[in-house]
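K.L.:
predicted coordinates and the sequence they were generated for:
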Amino acid sequence: MIEIFGVGGLPEVRPGDDLPALIAAAADLRDGDVVVVAQKIVSKAEGALVDPPAGESPGTARRQLARREAVRVVVDTARVLVVETRHGLVCANAGIDASNVPGGSLALLPEDPDASARGIRAGLRRLAGVTVAVVVADTFGRPWRVGQTDVAIGVAGMGPIRDERGGVDREGMTLEVTESAVADAVAAAAELVRRKADGIPVVVVRGLDAEPVVGADSESDSDSAAGADAEDAGADADAGAGARLLVRPPEEDLFPHGRGWLGGALAGRIPTDRRAGGVSGDDRCTAVAAATAAAGPLARVVTAGDGIGLRPVDGSPPALIAAGVGAGALLAVLLDLGYDAVRRDPEPGEDAAVVVVTRMAPAR
């Protein structure tokens, strides 16, 4: 039988705190337990905190910091920024947030969550005399479903994946693709016994027949051991390869680009001296509108009521075609950026060849 229970009595974690010591003092651990630790207290203990610049809102600071932390931008709209971090994680705002962080600071992800998990595991072995698995968990959104759930960003002492490929089902069919993300399942299960406001950052999962470790990592962990001695962390040779096995290789990613990519790609090709002034809305809408008129001196960008117009410089067929094609491209970009947009032909008396009427789509 599997038991899941939160560990109460932990103090507010501060930079430099010895997480294994705090956990060992608060939890009655047994061999074989899986200790699920919230990413936030790992980041706090490791000092992965940043204060926003004076006068800057946490939201603005987080967005700017997320861009600096990103190795790739996946979705970039006025409402959400999703990036790939150096850890290979694809998440909103590079995993940076201000919840449960005192003083208005922002918490970054740990430098190496797998190293953090190994350090905590080694420290618990040293201090409590138990051999456990450790999962560092963080809350992620889901692109195709409403709601968030916790996933494993750091793992030590258990295999993060149960590979069932090559086995057979009850009908004798060979399993070809089944790989169960058990570390993610453990992280999500731990979330069942805690809420963000409960003050329970550590959960113990007991009775799980954890997967054996694979790809033992012998690298030394010195800076990200969350309070454990570097010698202990480096000596934890049975910790396994960690959560990095859960990261899908880029060449296997079927959805490398999200909303906002088209606009960013087009806007990035605009000459810096080509600007369209006076157009409200997302700056990239303005930039892309200018780009659509850059086929030549045949059309120019104008404001047109509540939208953006592309006006031909004359009534010649090439100018009309340029304006029409440009408006079609602009419409695609606006939809990609999250706007409600429609394309309509000019009304009698309008001198813009095509007008794209836009407004921000309502937030869900």
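P.N.:
In hand now; what should we look at? Numbers count the residues shown, from 1 in each chain.
K.L.:
domain parsing for the protein?
P.N.:
Structural domains annotated on the chain: 3-48+110-252, 261-360, as defined by automatic domain parsing.
K.L.:
just put those in JSON lines and tack on mean pLDDT.
P.N.:
Putting these into JSON lines (pLDDT from 0 to 100) gives the following:
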{"stretch": "domain 3-48+110-252", "mean pLDDT": "87"}
{"stretch": "domain 261-360", "mean pLDDT": "62"}
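K.L.:
any chance of the ones you listed in TSV, plus distance to G95 and mean neighbour count?
P.N.:
No exception for glycine: its C-beta is placed from N, CA and C like everyone else's. Converted to TSV, the domains of the chain look like this (distance: least, Cβ to Cβ, whole Å; neighbours: other Cβ atoms under 10 Å):
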stretch	distance to G95	mean neighbour count
domain 3-48+110-252	6	19
domain 261-360	20	18
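K.L.:
kindly state the beta-bridge partners for the most centrally placed residue in the chain.
P.N.:
Among the residues of the chain, the one closest to the centroid is C91, at 0.7 Å (Cα atoms, centre = their mean). Beta-bridge partners recorded for C91 (DSSP bridges): V83.
K.L.:
same question, V151
P.N.:
According to DSSP bridges, the partner residues bridging V151 are D138.
K.L.:
quick check, it in contact with A185.
P.N.:
No - with the criterion set as Cβ atoms under 8 Å, V151 and A185 do not qualify as a contacting pair; they are 9.4 Å apart.
K.L.:
what helices or strands is the longest helix along the chain leaning on?
P.N.:
Longest helix in the chain by number of residues (criterion: DSSP state H): helix 317-336. If you count contacts as 3 or more Cβ pairs under 8 Å, 6 or more residues apart in numbering; DSSP states H and E, helix 317-336 packs onto helix 261-267, helix 283-292, strand 299-304, strand 307-312, strand 339-344, strand 354-360.
K.L.:
in TSV, list the domains of the chain along with distance to V101.
P.N.:
What follows is these, written out as TSV (distance: least, Cβ to Cβ, whole Å):
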stretch	distance to V101
domain 3-48+110-252	7
domain 261-360	28
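K.L.:
how about V134, phi and psi?
P.N.:
In this entry, V134 is assigned phi and psi values of phi -130, psi 130 (degrees, to the nearest 10).
K.L.:
quick check: it vs A183, distance?
P.N.:
Look at V134 and A183: by Cβ to Cβ, to the nearest Å, they are 10 Å apart.
K.L.:
and for these two, which residues touch both?
P.N.:
Residues within reach of V134 and of A183 at once, by Cβ atoms under 8 Å, 6 or more residues apart in numbering, are V155.
K.L.:
and V177, that's in a helix?
P.N.:
No - when classified by DSSP: H, G, I helix; E, B strand; the rest coil, V177 is found to be coil rather than part of a helix.
K.L.:
tell me the contacts of it?
P.N.:
Applying Cβ under 8 Å, 6+ apart, one finds that V177 lies in contact with R165.
K.L.:
just so I have it, where are all the helices in the stretch 51-200 of the chain?
P.N.:
Taking DSSP state H, counting those that start in this stretch as the criterion, the stretch 51-200 of the chain carries its helices at 58-69, 113-128, 182-190.
K.L.:
make JSON lines out of these and add distance to G315.
P.N.:
Compiled in JSON lines, these are given as follows (distance: least, Cβ to Cβ, whole Å):
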{"stretch": "helix 58-69", "distance to G315": "44"}
{"stretch": "helix 113-128", "distance to G315": "62"}
{"stretch": "helix 182-190", "distance to G315": "61"}
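K.L.:
who's in contact with the residue lying closest to L10 once chain neighbours are set aside?
P.N.:
Counting by Cβ to Cβ, 6 or more residues apart in numbering, L10 lies nearest to A26, which is 5.2 Å off, once chain neighbours are set aside. With contacts defined as Cβ under 8 Å, 6+ apart, A26 is in contact with 7-10, 202.
K.L.:
just the ones of these in strands?
P.N.:
Among these, the ones falling in strands (DSSP state E) are V202.
K.L.:
coming back round to it: and the domains of the chain: which comes nearest V73?
P.N.:
domain 261-360 (7.0 Å; Cβ to Cβ).
K.L.:
quick one on the thing from earlier: tell me what angle the longest helix of the chain forms with strand 339-344.
P.N.:
Orientation check (axes from the mean of the first three to the mean of the last three Cα atoms, to 10 degrees): helix 317-336 against strand 339-344 gives 150 degrees.
K.L.:
now do the same for R72: its pLDDT.
P.N.:
R72 is assigned a pLDDT of 86 by the prediction.
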